[in-house]
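Participant: could you look at this predicted model? Sequence included:
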Amino acid sequence: MNTRIAALVLMTNLTIAGIAQTQIVDPFEVIAAFDRAAGMDLWPGFEATAYPIAVYDGDRTLLLRHPSPPEEFVPLEGHEGVRVSQGRHPAMRWNSNAEIGGVRTATLLLTIEPGRAVEYEAHILFHEVFHLFSKPLHPTWRPNELFRYSYPMADLENYRLQLLEEEALARAVESETAEATASWAATALAIRSQRMARLSDEHQVFETALELQEGTAVYMGRSTIGTAADTERLREERGPEGIRWRCYETGAAMAVVLDRLLPSWKEVLDAEPETTFADLLSASLAAREGPPAALTAEEQAAVAHRAEVAVARLAAERASLYEDFAARSKRVVLRLADANESLEVVGFDPMAVEVLDRGETLQAHALSASHSRGELDLDNPDFVRGSLGGVIALTVPAGDHPFLDGLREVSVAGFSGDPTVAVDGDTITVTTEGLSAVFTGALVESTDEELVITIPPAELDEKSSVVASQE
């Protein structure tokens, strides 16, 4: 066992032991803390107690303020207005919001990290409830999550500018006077403008929408516990691949800055839905005088070095993932011979994807892809969140985007045993651990390393069916 794996095993064992000894907080204390926070005047027209919430405490799921509770939720004796369902309700997948009884409901799992303070858990619930308020009010805040996978993570200059922008925003938040806050905000805005000029329209919209959707919710939740102006998470080393989580922090930081420079910013956002945080910052600085602040040459050099190290690490990690996949035992490869055709991505687990070079990806959990002549389904039976163990797939895109233009090729590896090939007329079925592929008119070839399913061009259907049957 190598040192890194041994360390992970030790950390996992310690974590499990710690959870076993840690008491999950009382859900009713969390709800009481949430209700106290709801009394704060944080956003015009937002009444946090007007929305349904569900809390899982390790034994049961509590449902409150729901207009039409499903039948599996029954009244809880001694707690007026509270309903309960034993165990973890299927909708309770994460701290998020989900449909329960056909109604969007904020969900909180107290089991994710037992032992956290009551107020901390309540602030997470407040964050999720704010989404219930903001999403119907601001549909333009919804980012197209697919563009996260085509985001130019390996662009060194973009990442260098991201780090500079984050540092300028952090200093704007930390400044003790409005003048200093404005000075650093102007610097952040100038860097941002330079950086945005490098991005496609899709990636610009992805960032700005995500900052509004998640940044406002982070800001609202943290405001209830007095940590909205903390900058530790903004400066956190998350690497260029952490673009989604970065937007949570930059959005929250801009909200804090706007509290100081443009107190009416929330009313403006609600009245003008197309407005972005950058627009608001620009408006807040329009009547202010004074030059932007500047990082020293030494500070800029340090940021450039951090960017170089992070992008080099990303490249090394991607190369290692390619090597790991190539070293796995026999693979099943599905390939389209016609460059004008593609496999449509029907479904995948967005939290189990590693983006590689040239738009290729590793799918560590689930993947469904279809074609006019068949479909492929991957379901990793040994999937563990954050792991690339078990049966995984390497996808090759048909266009520039990893998924939007479909796939040209899918390779699956990590299964035990040999694939099974069944022929029924011109239909080929390939199955193995975690994988099912059913196609008509396909050619199947096998070597010691690969079983290759090739879908030939349409004009070769008759010939390829015969060859497949002979195999």
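Facilitator: Arrived safely, thanks for sending.
Participant: now the helices for the chain?
Facilitator: Along the chain, counting by DSSP state H, helices occupy 3-21, 27-38, 118-137, 156-174, 178-196, 201-210, 216-223, 243-261, 265-271, 277-285, 297-326, 461-470.
Participant: can you put these in TSV and add distance to residue 86 and mean neighbour count?
Facilitator: In this view, the C-beta of every residue, glycine as well, is placed from N, C-alpha and C. What follows is the helices of the chain, written out as TSV (distance: least, CB to CB, whole Å; neighbours: other CB atoms under 10 Å):
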stretch	distance to residue 86	mean neighbour count
helix 3-21	21	10
helix 27-38	14	19
helix 118-137	21	21
helix 156-174	45	22
helix 178-196	50	20
helix 201-210	37	20
helix 216-223	29	24
helix 243-261	34	23
helix 265-271	41	17
helix 277-285	44	19
helix 297-326	42	14
helix 461-470	51	16
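Participant: which of these sits closest to residue 365?
Facilitator: The minimum distance between residue 365 and the helices of the chain falls on helix 297-326, with 15.1 Å, by CB to CB.
Participant: and that closest one, what does it pack against?
Facilitator: helix 156-174 (3 or more CB pairs under 8 Å, 6 or more residues apart in numbering; DSSP states H and E).
Participant: residues in contact with the helix it packs on?
Facilitator: Here helix 156-174 makes contact (CB atoms under 8 Å, 6 or more residues apart in numbering) with 152-153, 180-185, 187-188, 191-192, 194-195, 198-199, 229, 231, 234-235, 240, 246, 249-250, 253-254, 256-257, 293, 295, 299-300, 303-304, 306-308, 310-311.
Participant: touching, residue 415 and residue 433? I think so.
Facilitator: Yes. If you go by CB atoms under 8 Å, residue 415 and residue 433 touch, sitting 4.0 Å apart.
Participant: overlap in contacts of the two?
Facilitator: Counting by CB under 8 Å, 6+ apart, the residues touching both residue 415 and residue 433 are residue 391.
Participant: who has more neighbours, these two?
Facilitator: Neighbours per residue (other CB atoms under 10 Å) separate residue 415 from residue 433, with residue 415 holding more: 24 against 16.
Participant: give the contact list for that one.
Facilitator: By CB under 8 Å, 6+ apart, the residues touching residue 415 are 329, 332, 391, 432, 433, 434, 435.
Participant: tabulate the residues you listed in a markdown table, adding columns for distance to residue 339 and pLDDT.
Facilitator: Shown next, in a markdown table, are those (distance: CB to CB, whole Å; pLDDT from 0 to 100):
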| residue | distance to residue 339 | pLDDT |
| --- | --- | --- |
| 329 | 30 | 81 |
| 332 | 22 | 97 |
| 391 | 28 | 96 |
| 432 | 28 | 95 |
| 433 | 31 | 94 |
| 434 | 29 | 95 |
| 435 | 25 | 96 |
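Participant: pull the number of nearby residues for residue 448.
Facilitator: Other residues near residue 448 number 5, with proximity taken as other CB under 10 Å.
Participant: dihedrals phi and psi, the closest residue to it other than its chain neighbours?
Facilitator: Leaving aside its chain neighbours, residue 448 sits nearest to residue 330 (7.4 Å; criterion: CB to CB, 6 or more residues apart in numbering). Residue 330 adopts backbone torsions of phi -50, psi 140, taken as degrees, to the nearest 10.
Participant: rank the helices of the chain by mean pLDDT and give me the bottom one.
Facilitator: With a mean of 36, helix 3-21 has the lowest mean pLDDT of the helices of the chain.
Participant: could you check the pLDDT of the residue nearest to residue 448?
Facilitator: 91.
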